[in-house]
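Asks: Quick one, fold the following:
(2 chains)
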Amino acid sequence: MEKREYLDIYHQMVVIRILEEKAAELYQEGKIGGFLHLYIGQEAVSTGLISARKPQDRVITAYRDHGVAINAGLSANEVMAELLGKATGSTGGKGGSMHLADVKKNFWGGHAIVGSHLPIAAGLALGDQYQKNDGITICMFGDGATNIGYFHEALNLSKVWNLPVLWVCENNQYGMGTSVERASAVSDIRQKAEGYNIKNDYVDGMDVMKVREKSLEMIEEIRAGSGPQFLEIITYRFRGHSMGDPERYREQDEVGKWRENDPIGIYRKYLLEEKIATESELDEQEKSAEEVVLESVRFAESSPEPADEELFANIYADN
Amino acid sequence: MAKITMRQAISQALWEEMERDPSVFILGEEVGVWGGTYAVTKGFYDHFGEERVRDTPIAEAAIVGAAIGASLTGTRPVAELMTINFAFSAMDHIVNEAAKFHYMFNGQMVLPLVIRTVGGGGRQLGATHSQTPDAIFAHFPGLKVVSPGTPADAKGLLKAAIRSNDPIMFIEHATLYQTRGEVPEGDYIVPIGKSTVQRAGEHVTIVTYSKMLELSLKAAEKLSKEGIEAEIVDLRTLRPLDMEPVIESFKKTNRAVVVEEGWKSYGVGAEIVSRIYEEAFDFVDAPIKRVAQLEVPLPYNRRLEQKALPQVEDIISAVKEVYNG
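Replies: Below is the predicted model:
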């Protein structure tokens, strides 16, 4: 990998971190409505994963989607504008925080019904298989989604039809406030893939390079025709489930322990130790990331509201 | 024109569209090797092969979900749900996903998707296999709901549905497959979202669709012998609903009966009657009546089942009441 790419990964992770912190502030100020699910703590997961895809590979995820959108190539401007419900947002102010998308960048959305997008991901992969395309589908979901029927229907179908899909479970230890141990019959989520005879593995989700390496390996095997594979990525969300989370279900000691494993700090240390970048180069990336986010807030706040006519636009594709 | 069954008409539409467009494929339970539980896709598997006629596991959310995903990539899947009662297992994908994506993602996602399914009672299959929940699906903006009552419409509407870029629930009726009618050969398209007059008359307007069209036509023949001429408007599409032929007919007859197979409460009739009152109140000469299924889960016993379902006699007496009212 070239130095530029290492720095770009660092830049993306910092953009996500600052964008999420800024979004939390704007939410407190009442400028962002609805729900807001922050990705803070999980940046290495989607950054490492998506850095391993090719442009023809589709990405689809759940509702904790701001970071995934940034990694998929959406600008901070269109993400922030969507959070503020503006016409310049990625879905013109119609989707909001949980439904970011840009199909031109092969980002097929945030999806807010837990588990519902897994059968759809199988369908995206089916579409590529049917048309003999070279792309694979990367489907991200939380540990909570592995307990709903859709997960099992989708995994089963993907194996039966040998679909080119990478199932990625972001195991952040909690489905809302219920820990994996209290909700899932097995704590190692990848055991569920075993039940469908799907090749599976796991990786430390706080280390972006490890995530990237494992993802590259699996994505290319799938592209070569291996059929579906399953990757469990062990991670942790530093903030609550959403902004309205009182966090009565976990001790602050536990949160503190995970925070010592900050994925951005780990990656920074790695880049310095391996002498890939210097302190000042990384500081520069951070400064640039901060500017990107501040600009996105300026852009979003000064963007127009969607016009009234938009209310009835795009209900159907045909008239 | 050839007189063929509804089953043949639907089969013909599917076959012709698959021949015409390689992006069209079928997926569902027993659509392939078995040939379709209602034999609609008999012979398809041998002709088109397993890639295009795909047997699925018994997993309705996976069937509809996968069809949604495949449609997003530019293919034109026709997903078959063995009966509409099983559609409830895929309800999330039909109403939360298929019906929402085009709007919610601001036009970025296009879903050329047909969900073919079979509804209706009268075959002694008991309460869970005999429902007519069409109105539930018609409730959601973003979804289109089509339900033909004649073989010609079945062919023309299904071809239109497959060529459409919107998610469409295509609801067939289990006891109409043997019904015969004249069906134009080749490229015959009936536009989605257009109601039509199936029988002209001047005294009372009957608004109906699907299986109840057959019963309403029978009722109209009997009424005709008594000097009452019913005009029958066939909705064909429940959403988007085309009220124009209904209102036009009502302004002429000033009297109407709405006939549906589903339950009366919150049903298709409730919608049609409200619309007539909203759009043509000044033309009302008598209270509008609804004929519908009795408010019970359908029982297995034949006599009780038939008692609960709307019958020709129920339509006749409703029309007479409205005519004399």
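Asks: and whatever helix or strand residue A:119 lives in, what's its mean pLDDT?
Replies: Applying DSSP states H and E as the criterion places residue A:119 in helix A:117-130. On average, the pLDDT along helix A:117-130 is 98.
Asks: so what secondary structure elements neighbour it?
Replies: On a contact count with 3 or more CB pairs under 8 Å, 6 or more residues apart in numbering or on different chains; DSSP states H and E, helix A:117-130 meets strand A:58-61, strand A:107-110, strand A:137-142, helix A:149-160, strand A:165-171, helix B:60-72. Heads up, the C-betas are built off the backbone N, CA and C, glycines and all.
Asks: which stretches of the chain form helices?
Replies: Reading this off chain A. For chain A, the helices defined by DSSP state H occupy A:3-28, A:43-51, A:66-72, A:76-83, A:117-130, A:149-160, A:180-183, A:190-194, A:208-221, A:252-259, A:263-273, A:279-302.
Asks: ah, I was thinking of chain B
Replies: B:6-20, B:44-48, B:60-72, B:91, B:101-104, B:134-138, B:151-163, B:211-225, B:244-253, B:268-280, B:302-308, B:312-324.
Asks: Turn those helices into CSV, including distance to residue A:232 and mean pLDDT.
Replies: Listed next are the helices of chain B as CSV, based on distance: least, CB to CB, whole Å; pLDDT from 0 to 100:
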stretch, distance to residue A:232, mean pLDDT
helix B:6-20, 40, 98
helix B:44-48, 38, 98
helix B:60-72, 22, 98
helix B:91, 30, 98
helix B:101-104, 28, 98
helix B:134-138, 37, 98
helix B:151-163, 40, 98
helix B:211-225, 50, 98
helix B:244-253, 57, 98
helix B:268-280, 48, 98
helix B:302-308, 51, 98
helix B:312-324, 59, 98
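Asks: Quick one: list the elements packing against the strand ranked longest in chain B.
Replies: In chain B, with assignment by DSSP state E, the single longest strand is strand B:256-263. Here strand B:256-263 touches helix B:134-138, strand B:204-208, helix B:211-225, helix B:244-253, helix B:268-280, strand B:289-293, helix B:312-324, going by 3+ CB pairs under 8 Å, 6+ apart.
Asks: From the chain's centroid, how far away is it?
Replies: Offset of strand B:256-263 from its chain centre (CA atoms, centre = their mean, to the nearest Å): 13 Å.
Asks: Which strands border it, and is each parallel or antiparallel?
Replies: According to DSSP bridges, strand B:256-263 forms sheet pairs with strand B:204-208 (parallel), strand B:289-293 (parallel).
Asks: angle of the last one against helix B:268-280?
Replies: In other words, strand B:289-293. Relative orientation of strand B:289-293 and helix B:268-280, computed by axes from the mean of the first three to the mean of the last three CA atoms, to 10 degrees: 160 degrees.
Asks: okay, the strands paired with strand B:256-263, which one's buried deepest?
Replies: Of the strands paired with strand B:256-263, the one with the most neighbours on average (mean count of other CB atoms under 10 Å in any protein chain shown) is strand B:204-208, at a mean of 29.
Asks: any idea how far it is from the chain center?
Replies: On CA atoms, centre = their mean, the centre of strand B:204-208 falls 17 Å from that of its chain.
Asks: same check, this time on stretch A:55-75
Replies: Stretch A:55-75 has its C-alpha centroid displaced from the chain centroid by 6 Å (CA atoms, centre = their mean).
Asks: Just the C-alphas of that stretch, formatted as PDB.
Replies: Output of stretch A:55-75 as PDB, limited to C-alpha atoms (Å, rounded to 0.1, in the frame of the first residue of the first chain):
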ATOM      1  CA  PRO A  55     -15.600  -0.100  -7.000                       C
ATOM      2  CA  GLN A  56     -17.900  -2.800  -8.400                       C
ATOM      3  CA  ASP A  57     -18.500  -4.200  -4.900                       C
ATOM      4  CA  ARG A  58     -21.700  -3.200  -3.300                       C
ATOM      5  CA  VAL A  59     -22.000  -2.100   0.400                       C
ATOM      6  CA  ILE A  60     -25.200  -2.300   2.400                       C
ATOM      7  CA  THR A  61     -25.500  -1.700   6.100                       C
ATOM      8  CA  ALA A  62     -27.900  -1.100   9.000                       C
ATOM      9  CA  TYR A  63     -28.900   2.200  10.500                       C
ATOM     10  CA  ARG A  64     -25.600   3.100  12.200                       C
ATOM     11  CA  ASP A  65     -24.500   4.200   8.800                       C
ATOM     12  CA  HIS A  66     -22.700   7.700   8.900                       C
ATOM     13  CA  GLY A  67     -19.200   6.200   9.000                       C
ATOM     14  CA  VAL A  68     -20.000   3.600   6.400                       C
ATOM     15  CA  ALA A  69     -21.300   6.300   4.100                       C
ATOM     16  CA  ILE A  70     -18.100   8.300   4.500                       C
ATOM     17  CA  ASN A  71     -16.000   5.200   3.800                       C
ATOM     18  CA  ALA A  72     -18.100   4.400   0.800                       C
ATOM     19  CA  GLY A  73     -17.100   7.800  -0.700                       C
ATOM     20  CA  LEU A  74     -20.000  10.100   0.200                       C
ATOM     21  CA  SER A  75     -18.900  13.600   1.100                       C
END
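Asks: Now render the helices and strands packed on strand B:256-263 as CSV, adding distance to residue B:144.
Replies: Below are the helices and strands packed on strand B:256-263 laid out as CSV (distance: least, CB to CB, whole Å):
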stretch, distance to residue B:144
helix B:134-138, 9
strand B:204-208, 19
helix B:211-225, 19
helix B:244-253, 17
helix B:268-280, 15
strand B:289-293, 23
helix B:312-324, 27
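Asks: Alright, that wraps it up for me.
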